[in-house]
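Colleague: What follows is a protein structure lacking sequence information:
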């Protein structure tokens, strides 16, 4: 009877939901019935049916349901083409229906933001931006797309396969910005090449990542962040972390944690253990997937002394206490990179105490980043309601030299969409302050309505005018005002 059957799968460790169509389920079932594999792998699932995160909706399956219906319509169309090969009218109507469906929906990984959610996002972005300005940072805007080599593999940012690439009329390969930091590093090297004083820049804009690893996640995200260029001190690290914590508090979050690690700890371990490039990559993947049983097995297979083995054992600790860091410092003697990374974290701890934010900070020596341009501290922020970091950052003292300027630097980026989702799921309201008015007027009174609307706008009141529909009541307009967060309704009659 043309019903729709499907199964929703929750991957708790990945914080992902998947819409398994009945068609796909029957494929797996038939395979098992014919003596094949009785289970299915994650990699066998269709990326388009992973559910995107939508603020305020726990399991947003309706888009996947619509996609399921669209696919069924397309399959039906091909069956009809095969059966009614000489009935062109039927073919055209099927095509028009499919086109109409496509015109109403966005591509996978992007979404519309409108009405109240849009107002809240703009308000939140403004609050975050003003927090950065309070620390003396200055705005910068870089292009949405850049030359491909700005994000090349030697830079250490997003892999080429995950970039949105296209060509201009001259044949240059261009890329939609996946990460703000290389763009700002290029810009700073160009415009501040002679400066020997710190440069403090902040930004707000969208990034674009096209990767199968982002199944069911937004491919266009808004980021608000800051970069401190020309200061390699631990006090600069502390300032960036203070800005991060204050931004989270300004957003309305109360329960969050910033995990801080050091990129050189992992590098020092792999160097001291004499790991090959392949072994290092395997270990990195195990840690990234939080597979610490796998890490333990990997380390057990290696030959090393007890001190180094104990240092490897710290990789699975998400909240190292002071005494554990001090013990690690003793174990690290003789391993320069490891020793320096732990010493930096211990000194940073004292600066953070001066800011009074230590309760929001935890130390995680197993923290690693996909971006290989980091050379010092790295950090990620987490809270309830989202499995992805709401903020991430770190020190990158060698990146600017790629663009011709030798300068230390550190920065961070708040993923606004993830933050919005977390606030919604924690029932934390973004208090958008409205000062607005609706004027409903009869056609004969339009002079008076225009005069009144201009007066209100001069007084700073956002005012919209609506010509009264005789089929609508005052209650209808009052309801409209409530739906659109309009404070006042005025009726101007003849």
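Modeller: Okay, I see it. All of these numbers come straight from a predicted model, not from anything done at the bench.
Colleague: show me where the stretch 351-494 of the chain has strands.
Modeller: For the stretch 351-494 of the chain, the strands defined by DSSP state E, counting those that start in this stretch cover 361-363, 377-383, 391-395, 409-415, 436-441, 462-467, 488-492.
Colleague: what's the second one packed up against?
Modeller: Right, the one you point to is strand 377-383. Here strand 377-383 touches helix 234-251, strand 256-262, helix 336-355, strand 391-395, going by 3 or more Cβ pairs under 8 Å, 6 or more residues apart in numbering; DSSP states H and E. For the C-beta atoms, the positions are set from N, CA and C on the backbone; glycine is no exception.
Colleague: try it again with 10 Å
Modeller: In terms of contacts (3 or more Cβ pairs under 10 Å, 6 or more residues apart in numbering; DSSP states H and E), strand 377-383 is packed against helix 234-251, strand 256-262, helix 263-272, helix 336-355, strand 361-363, strand 391-395, strand 409-415, helix 416-425.
Colleague: same check, this time on the fourth one
Modeller: Packed against strand 409-415, as judged by 3+ Cβ pairs under 10 Å, 6+ apart, are the following elements: helix 115-134, helix 180-191, strand 199-208, strand 220-229, helix 234-251, strand 377-383, strand 391-395.
Colleague: residue contacts, the closest residue in space to residue 333 that isn't next to it in sequence?
Modeller: Closest residue in space to residue 333, ignoring its immediate chain neighbours: residue 339 at 6.3 Å, by Cβ to Cβ, 6 or more residues apart in numbering. In this structure, residue 339 makes contact with 264-265, 268, 328-333, judged by Cβ atoms under 10 Å, 6 or more residues apart in numbering.
Colleague: List only those of these flagged as buried.
Modeller: Among those, those that count as buried by neighbour count (16 or more other Cβ atoms under 10 Å) are 264-265, 268, 328, 331-332.
Colleague: Including distance to residue 10 and pLDDT, could those go into a markdown table?
Modeller: Output for those, formatted as a markdown table (distance: Cβ to Cβ, whole Å; pLDDT from 0 to 100):
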| residue | distance to residue 10 | pLDDT |
| --- | --- | --- |
| 264 | 37 | 95 |
| 265 | 34 | 94 |
| 268 | 38 | 93 |
| 328 | 37 | 92 |
| 331 | 40 | 92 |
| 332 | 41 | 92 |
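Colleague: Nearest to residue 420 among these?
Modeller: Distance to residue 420 across those (Cβ to Cβ) is lowest for residue 265, with 32.5 Å.
Colleague: For the stretch 151-300 of the chain, give me the ranges with low pLDDT.
Modeller: Counting by pLDDT under 70, the stretch 151-300 of the chain contains low-confidence ranges at 212-216.
Colleague: Grab the nearest non-local neighbour of residue 204.
Modeller: Nearest non-adjacent residue to residue 204, counting by Cβ to Cβ, 6+ apart: residue 224, 4.7 Å away.
Colleague: between the helices and strands packed on strand 409-415, which gets nearest to residue 436?
Modeller: The nearest among the helices and strands packed on strand 409-415, by Cβ to Cβ, is helix 115-134 at 10.6 Å.
Colleague: Kindly spell out which helices and strands sit in contact with the closest one.
Modeller: Helix 115-134 makes packing contacts with strand 138-139, strand 199-208, strand 220-229, helix 234-251, strand 409-415, helix 416-425 when contacts are defined by 3+ Cβ pairs under 10 Å, 6+ apart.
Colleague: Tell me, what's the model's pLDDT at the closest residue to residue 243 other than its chain neighbours?
Modeller: Excluding the flanking residues, the one nearest residue 243 by Cβ to Cβ, 6+ apart is residue 135, at 5.5 Å. Listed pLDDT for residue 135 reads 96.
Colleague: ditto for residue 410
Modeller: Per-residue confidence (pLDDT) for residue 410: 98.
Colleague: If it is in a bridge, with which residues?
Modeller: Assessed by DSSP bridges, residue 410 has beta-bridge partners residue 228, residue 395.
Colleague: That one and residue 348 touch, don't they?
Modeller: No. Counting by Cβ atoms under 10 Å, residue 410 stays clear of residue 348, with 11.4 Å between them.
Colleague: More neighbours: which of these two?
Modeller: residue 410 (27 against 21; other Cβ atoms under 10 Å).
Colleague: ok, back up a step: how about the contacts of residue 339 in CSV, adding distance to residue 22?
Modeller: Below are those laid out as CSV (distance: Cβ to Cβ, whole Å):
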residue, distance to residue 22
264, 51
265, 48
268, 52
328, 53
329, 58
330, 60
331, 56
332, 56
333, 62
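Colleague: Next one: the residue nearest to residue 243 from residue 226, what distance?
Modeller: Distance, residue 135 to residue 226, using Cβ to Cβ, to the nearest Å: 8 Å.
Colleague: And the two? Which one has more around it.
Modeller: Counting neighbours by other Cβ under 10 Å for residue 135 and for residue 226 shows that residue 226 has the greater number, 30 against 16.
Colleague: Show me what the nearest residue to the more buried one once chain neighbours are set aside bridges to in the sheet.
Modeller: Sequence neighbours aside, residue 202 is the residue nearest to residue 226 in space, at 4.3 Å (criterion: Cβ to Cβ, 6+ apart). For residue 202, the beta-bridge partners are residue 139, residue 226 (DSSP bridges).
Colleague: Let's check: the centremost residue of this protein is which one?
Modeller: By Cα atoms, centre = their mean, the chain has its centre lying nearest to residue 415, at 4.4 Å.
Colleague: coming back round to it: may I see the strands of the stretch 351-494 of the chain organised as JSON lines, with distance to residue 316 added?
Modeller: Formatted as JSON lines, the strands of the stretch 351-494 of the chain follow (distance: least, Cβ to Cβ, whole Å):
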{"stretch": "strand 361-363", "distance to residue 316": "13"}
{"stretch": "strand 377-383", "distance to residue 316": "16"}
{"stretch": "strand 391-395", "distance to residue 316": "20"}
{"stretch": "strand 409-415", "distance to residue 316": "25"}
{"stretch": "strand 436-441", "distance to residue 316": "53"}
{"stretch": "strand 462-467", "distance to residue 316": "53"}
{"stretch": "strand 488-492", "distance to residue 316": "58"}
